[in-house]
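>>> prediction below, plus the sequence it came from.
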Amino acid sequence: MEIDKLLGGLVIGTMLFSCSAPSGIEIKESEGAFKLYVDGVETYIKGVGGTYRLDVASQSGANAFRTWGGDVESIKKDVALATQNNMYIMQGIAITKDSASYYDEEYKNKVREEVKLLAETFKNEKAILSWGIGNEIELGNANMGVAWKFVEELAQLIKSIDKRHLVSTVISYNPSALDSIAKYAPSLDYVGINVYGPMDKVKSVVDKSLYKGPIMITEWGPTGWWETATTEWKAPIEQTSEEKRLVYEERYTEYIQKNPRCLGSFVFLWGQKEERTPTWFSMFVEDSVDKLPLKGEKTPMVEAMQRVWTGKELTETAPVVKRMTINEETALDNVQVKAGSLFKANVQAVDKENERLTYVWEVLKEATVLGFGGSYEPRPERVGNVLVTDANTYEGMINEAGAYRLYVYILDNTGFVSTVNIPFQVY
């Protein structure tokens with residue numbers, strides 16, 4: 001009985017869990033499975049993280065996008081994008097990861113006013129699906145009850161004004177945070193979970209927690225840099241774009257679609273960002289880097305999502321990267337090159353449609369200015385010149401000792417590009 005009180009009506013067992021917004025968006029539960037309905041239509045969220053190239057997302061089968069925050073004017077722009085591309089928005093509301101701020105009434109009053117304004121402004125907006133209060137705030141708060149109580153207060157504030165939209169929060173892959181939410185924030189309609197490598201463990205972890213409501217996978221993609229093998233000098237080894245494609249398809253079809261408590265997902269990142277490398281989480285490549293002849297082409301991960309969202313095979317696919325070496329060694333061999341000596345790289349790739357391939361080679365210093373929790377990182381410094389070839393080989397020389405990474409972008413000249421890189425050390 002005590003647990004039932006803590007869960008605020010998210011009752012364990014055969015009783016119905018129901019969280020609904022009377023004006024058209026509701027979640028229904030039957031025998032432990034949850035389904036989302038928008039204006040009476042069952043809707044499974046096929047979402048992307050970010051607002052980049054939403055035309056491509058929509059054409060590929062996506063029906064929603066997620067943001068991490070915004071004011072009234074930026075949300076109006078998001079709404080226009082959503083309307084233009086026939087998509088819904090999971091609109092983020094940014095709140096701090098700083099634990100001290102949750103004891104600061106001045107900070108909390110400021111947030112309350114911002115949230116009230118957003119709820120009043122957009123309470124009837126049909127393009128908005130839900131509000132997402134905070135992103136991984138537990139990373140700075142050790143699941144402190146005071147932070148989750150504030151999330152609960154904000155959820156109740158929104159619901160007192162906005163009767164249409166769902167309200168959620170987003171956590172990292174953190175089982176204890178689910179228990180805290182069940183205890184302190186029972187008004188939330190669902191919980192978003194950001195998860196990468198342990199996707200196969202999500203269902204079990206959620207089922208074992210005190211939280212008994214629905215979830216969305218609000219950020220997911222390749223295996224993260226904190227989860228992969230590293231070189232002897234601690235450089236993380238990135239998957240090839242073909243390895244990522246396979247991972248995206250498997251994680252979606254086996255662990256997202258098949259989870260009866262999951263309402264859908266938002267794949268990360270539908271765009272490009274620097275995080276340890278320019279390519280790690282980027283589903284598109286860069287398009288405005290000096291002397292780098294890339295124009296924001298699609299990677300194989302976009303191909304993967306179009307395949308799983310639509311259930312159809314594509315007529316044009318990305319090049320398939322099989323292997324890359326420097327002096328016949330792979331990244332796992334801890335490649336070392338003597339300063340001032342010539343080294344040779346080789347990449348093996350094929351194109352299923354037999355398109356002509358172009359290879360773009362670039363050496364960057366290993367990233368040293370590193371962000372936290374996805375925060376900004378500058379692009380590492382380039383060493384030497386970008387080289388464009390019709391051949392799958394590269395020769396180079398570096399005179400200064402240090403940690404570097406050789407990238408190759410393989411273009412099929414139809415809008416796709418595949419990527420692979422090797423970290424190496426010059427001594």
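Looks like it arrived, so ask away.

>>> ok, now how distant is residue 261 from residue 415?
According to CB to CB, to the nearest Å, residue 261 stands 36 Å off from residue 415. For glycine as for every other residue, the C-beta is placed from the backbone atoms N, C-alpha and C.

>>> ok, these two, which is more surrounded?
The residue with more neighbours, out of residue 261 and residue 415, is residue 261; 21 against 14, by other CB atoms under 10 Å.

>>> quick one: the helices in the stretch 151-300 of the chain?
Assigned helices in the stretch 151-300 of the chain, in chain order: 175-184, 202-208, 241-250, 300-310 (criterion: DSSP state H, counting those that start in this stretch).

>>> how about the longest one: buried residues?
Same thing as helix 300-310. Using 16 or more other CB atoms under 10 Å as the test for burial, helix 300-310 gives 300, 301, 302, 303, 304, 305, 306, 307, 308, 309.

>>> so can I have TSV of these showing pLDDT and distance to residue 218?
Below are the buried residues of helix 300-310 laid out as TSV (pLDDT from 0 to 100; distance: CB to CB, whole Å):
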residue	pLDDT	distance to residue 218
300	98	23
301	98	17
302	98	19
303	98	22
304	98	18
305	98	15
306	98	20
307	98	21
308	98	17
309	98	17
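
>>> and which of these is nearest to residue 98?
residue 301 (33.0 Å; CB to CB).

>>> tell me the contacts of that closest one?
Counting by CB atoms under 8 Å, 6 or more residues apart in numbering, residue 301 makes contact with 221, 222, 241, 244, 245, 248, 267, 283.

>>> and the buried ones among the residues you listed, selectable in ChimeraX?
A single ChimeraX command selects the buried members of the contacts of residue 301 (16+ other CB under 10 Å):
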select :221,222,241,244,245,248,267,283
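
>>> would TSV of the contacts of residue 301 with pLDDT and distance to residue 355 be doable?
Shown next, in TSV, are the contacts of residue 301 (pLDDT from 0 to 100; distance: CB to CB, whole Å):
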residue	pLDDT	distance to residue 355
221	97	26
222	96	24
241	98	16
244	98	20
245	98	17
248	98	22
267	98	25
283	98	20
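
>>> so which of the contacts of residue 301 would you say is closest to residue 291?
residue 241 (22.1 Å).

>>> helices or strands next to whichever helix or strand residue 58 is part of in the packing?
Using DSSP states H and E, residue 58 maps to helix 54-60. Applying 3 or more CB pairs under 8 Å, 6 or more residues apart in numbering; DSSP states H and E, one finds that helix 54-60 contacts helix 72-85, helix 300-310.

>>> what do you get if the cut-off is 6 Å, keeping everything else the same?
The contact analysis (3 or more CB pairs under 6 Å, 6 or more residues apart in numbering; DSSP states H and E) places helix 54-60 against helix 72-85.

>>> the helix it packs on: which residues count as buried?
Here helix 72-85 shows 75, 78, 79, 81, 82, 85 as buried, counting by 16+ other CB under 10 Å.

>>> so which residues of the stretch 1-150 of the chain form strands?
18-21, 25-30, 33-38, 41-42, 45-49, 64-66, 88-93, 128-135 (DSSP state E, counting those that start in this stretch).

>>> thinking residue 319 is in contact with residue 412, fair?
Yes: applying CB atoms under 6 Å, one finds residue 319 in contact with residue 412, separated by 5.2 Å.

>>> between the two, who's got more neighbours?
Set residue 319 next to residue 412 and count neighbours by other CB under 10 Å: residue 319 wins out with 27 against 22.

>>> give me the phi and psi angles of the more buried one.
As for residue 319, its main-chain torsions (degrees, to the nearest 10) stand at phi -60, psi 150.

>>> so where's this structure uncertain?
Scanning the chain for pLDDT under 70 picks out the ranges 1-23, 142-143.

>>> what's the separation between the spatially most central residue of the chain and residue 130?
Among the residues of the chain, residue 268 comes closest to the average C-alpha position under CA atoms, centre = their mean, at 2.5 Å. Per CB to CB, residue 268 is found 17 Å from residue 130.

>>> next one: residue 409
Taking CB to CB, one finds residue 409 at 36 Å from residue 130.

>>> kindly reformat the strands of the stretch 1-150 of the chain as JSON lines containing distance to residue 183 and mean neighbour count.
Putting those into JSON lines (distance: least, CB to CB, whole Å; neighbours: other CB atoms under 10 Å) gives the following:
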{"stretch": "strand 18-21", "distance to residue 183": "17", "mean neighbour count": "17"}
{"stretch": "strand 25-30", "distance to residue 183": "20", "mean neighbour count": "18"}
{"stretch": "strand 33-38", "distance to residue 183": "21", "mean neighbour count": "17"}
{"stretch": "strand 41-42", "distance to residue 183": "31", "mean neighbour count": "8"}
{"stretch": "strand 45-49", "distance to residue 183": "26", "mean neighbour count": "25"}
{"stretch": "strand 64-66", "distance to residue 183": "26", "mean neighbour count": "27"}
{"stretch": "strand 88-93", "distance to residue 183": "21", "mean neighbour count": "25"}
{"stretch": "strand 128-135", "distance to residue 183": "16", "mean neighbour count": "26"}
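
>>> wait, which of these is closest to residue 289?
Here strand 45-49 is closest among the strands of the stretch 1-150 of the chain (CB to CB), at 21.7 Å.

>>> wait, which of the strands of the stretch 1-150 of the chain is closest to residue 390?
Comparing these by CB to CB, strand 45-49 comes nearest, at 33.5 Å.

>>> what pairs with the closest one, parallel or antiparallel?
Partners of strand 45-49 in the sheet, by DSSP bridges, are strand 64-66 (parallel), strand 262-267 (parallel).

>>> would you list those strands in CSV and tack on distance to residue 378?
Converted to CSV, the strands paired with strand 45-49 look like this (distance: least, CB to CB, whole Å):
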stretch, distance to residue 378
strand 64-66, 25
strand 262-267, 25
